[in-house]
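Engineer: Sequence first, predicted coordinates after that:
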Amino acid sequence: MALWAKIKFFFQTMLGSAGSTLTATSTASGYAVNNIYDMLETTLWKAANTTTPMYLTYDAGSGNTKTADYIAILGHNLYTAGATIDLQYSTDNFAADITSAFTAFAPTADTVILKEFTNPGAKRYWRLKITGTLLAAPSISTLIWGNKTELDYASASFDPYEQEVKAAVNMSQGGYVTGIHTQYSERSLSLRFDDVDAALYLKFKDWWDSSGLKNFFVAWDTTNSPNDVWFMRPDTKFSNPFKAGGIYRDVTVNLKGRKE
């Protein structure tokens, strides 16, 4: 078995940045394209038709450029719709300069998608390209791309598959189960990092200051378990005390999220 990868957070995104715009070649009424980066599972973008190629195009704005090394998608129907996806970037609004960040691929399920790639450098224009003979209008609840945050290996053991079923269980007076109403399953992930230096702590602080209580994507081992990407939110308290001497900190991150 290969060595584990360091734990990674995927929250930083260029979408919604100051001065930028995001447009779609097709949008159904009530399903605005800006919904894709609000990090909520209850809103979405949906196309009005199945005409391809279809584009979701980001423009950083005059004088602005952005970098990226990942794309993450959740709450989509790209597999059942029969779509192939490609992330492209350009310096001239895709007039002549069009480059793909990775080889286009067709999703194999309507589950979370995380694709890492080599950062091509700062570009003004980026777009998700959707192709294929679509069987249904594509829809996406959450879609972001930007720069990942690689942390470190956890200092204490943890269970990446810990979960709790939220359910109402009815019991008889004799202790028999008379009915079960299952609502949803919730994942829990508790990560502890000991002896964190200033450089690593700044990564945690940037995540907290930038993302706060929002949902984000977390991957505990992209080397051996690349499909284990959870959409989670943190506790409401951010407290990471210094150890004796005031140089290092112990950092604990507790996360929860609905199981997809």
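Structural biologist: That came in fine, so what should we check first?

Engineer: How many residues are close by Tyr89?
Structural biologist: Neighbours of Tyr89 under the rule other Cβ atoms under 10 Å: 24. Where C-beta positions appear, they are placed from N, C-alpha and C, glycine not excepted.

Engineer: swap in Leu135?
Structural biologist: By the criterion of other Cβ under 10 Å, Leu135 has 12 neighbours.

Engineer: now do the one 4 residues further on
Structural biologist: When neighbours are defined as other Cβ under 10 Å, Ser139 has 19 of them.

Engineer: Pretty sure it sits against Thr50.
Structural biologist: No - if you go by Cβ atoms under 8 Å, Ser139 and Thr50 don't touch, sitting 11.6 Å apart.

Engineer: Touching both of the two, which residues are there?
Structural biologist: The overlap between the contact sets of Ser139 and Thr50 (Cβ atoms under 8 Å, 6 or more residues apart in numbering) is empty.

Engineer: Buried residues, stretch 72-91. List them.
Structural biologist: Neighbour counts over stretch 72-91 (16 or more other Cβ atoms under 10 Å) mark 72-78, 81-91 as buried.

Engineer: Next: stretch 181-190.
Structural biologist: Buried positions in stretch 181-190, judged by neighbour count with 16+ other Cβ under 10 Å: 187-190.

Engineer: which of the residues you listed lies closest to Ala156?
Structural biologist: Ser190 (8.3 Å; Cβ to Cβ).

Engineer: Just give me the residue right at the centre of the chain.
Structural biologist: Nearest to the geometric centre of the chain sits Phe217, at 3.8 Å (Cα atoms, centre = their mean).

Engineer: Quick check: chain neighbours aside, which residue is closest to that residue?
Structural biologist: Phe10 (3.8 Å; Cβ to Cβ, 6 or more residues apart in numbering).

Engineer: Give the next helix or strand downstream of the strand ranked longest in the chain.
Structural biologist: If you go by DSSP state E, the chain has its longest strand at strand 177-196. Per DSSP states H and E, the first helix or strand lying C-terminal to strand 177-196 is helix 198-211.

Engineer: so what strands line up beside whatever helix or strand comes next after that following helix?
Structural biologist: Later in the chain than helix 198-211, the nearest helix or strand by DSSP H and E is strand 216-219. If you go by DSSP bridges, strand 216-219 pairs up with strand 8-10 (antiparallel), strand 229-234 (antiparallel).

Engineer: Of all the ones you listed, which one is nearest Val177?
Structural biologist: strand 229-234 (29.8 Å).

Engineer: Thank you, goodbye.
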